[in-house]
Each structure stands twice: as C-alpha cells, then as structure tokens.
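Peer 1: pasting a predicted model and its sequence here:
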Amino acid sequence: MTAGHRITVEASDRHVRVEHGGQVLAESDRALVLRETGCPARYYIPPQDVRLDLLTPSATQTYCPFKGTASYWSLPDAADLVWAYPEPNPDVARIKDHLCFYETQAGRVA
C-alpha cells in the first residue's frame, strides 16, 4: 500500500441482496466487505450466491495497483455490471473469485 492508502477486507455481518430490473442477481449472508481509502464500501459475494447463469462474461478488464486485474460480466441491459479478481494481490487475497456489483446499475444492494 502507498502512504495514506488503506484497504481492509472482512466478513460482513449484513445480509446482501442485489436486484436489477426486479430480478434477484445475488443473495448472501457470506459476503465480504472491502473498504478502501476514497471509495465506498464494496460487498464481494461468493460465486455460489450469485446467479451466474444470468451473467455473460465481458471482454473488459481493468487494473488496480492495489487489488490486481479485474474481469467483468454483463446483463443484456447492463454492460460490465459485475466484476471479480481471479488473481488478486496478496493483501486482498480473500476476495479471490468473489463478485462485486455496481450499485447504480444493479438497482440496490440491501
């Protein structure tokens, strides 16, 4: 980490439910919450709790110097709605293969 930048990953005590267009995309009591300096808290959901059958892999990849390279998935009406880190940096290894949704496109994360 760089000076002033911090990331923590811990088990969430919240029930996390992600909906889009009235359809439940994910629901979990096993989500991890990632808190990063300058960013909103993000909930990373285990793949077993995500409707992967509704998502299509995207060609999009992004790189974060703190977390690694992210892969993305889309819905027909929401491009790159969800991402995951298949090989995260060691400091955030717990989020490996967990999926995270953009709240603004997913409707709500409750």
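Peer 2: Structure's in. What do you need? It should be emphasised that the depicted structure is a prediction, and the values quoted were computed from it without experimental measurement. Numbers count the residues shown, from 1 in each chain.

Peer 1: ok, Leu99 - how many residues close by?
Peer 2: Neighbourhood size, Leu99 [other C-beta atoms under 10 Å]: 27. Just so you know, the C-beta spots here come from the backbone N, C-alpha and C atoms, and that holds for glycine as well.

Peer 1: quick check: Gly38 is in a helix.
Peer 2: No: when the secondary structure is assigned by DSSP: H, G, I helix; E, B strand; the rest coil, Gly38 falls in coil instead of a helix.

Peer 1: contacting residues around Leu99?
Peer 2: Leu99 is in contact with Ala26, Tyr44, Ile45, Pro47, Val50, Trp73, Val82, Trp83, Ala84, counting by C-beta atoms under 8 Å, 6 or more residues apart in numbering.

Peer 1: what about the residue nearest the centre of the chain, helix or strand, and which?
Peer 2: What sits nearest the mean C-alpha location of the chain, by C-alpha atoms, centre = their mean, is Cys100, with 1.3 Å. Here Cys100, judged by DSSP states H and E, is contained in strand 99-101.
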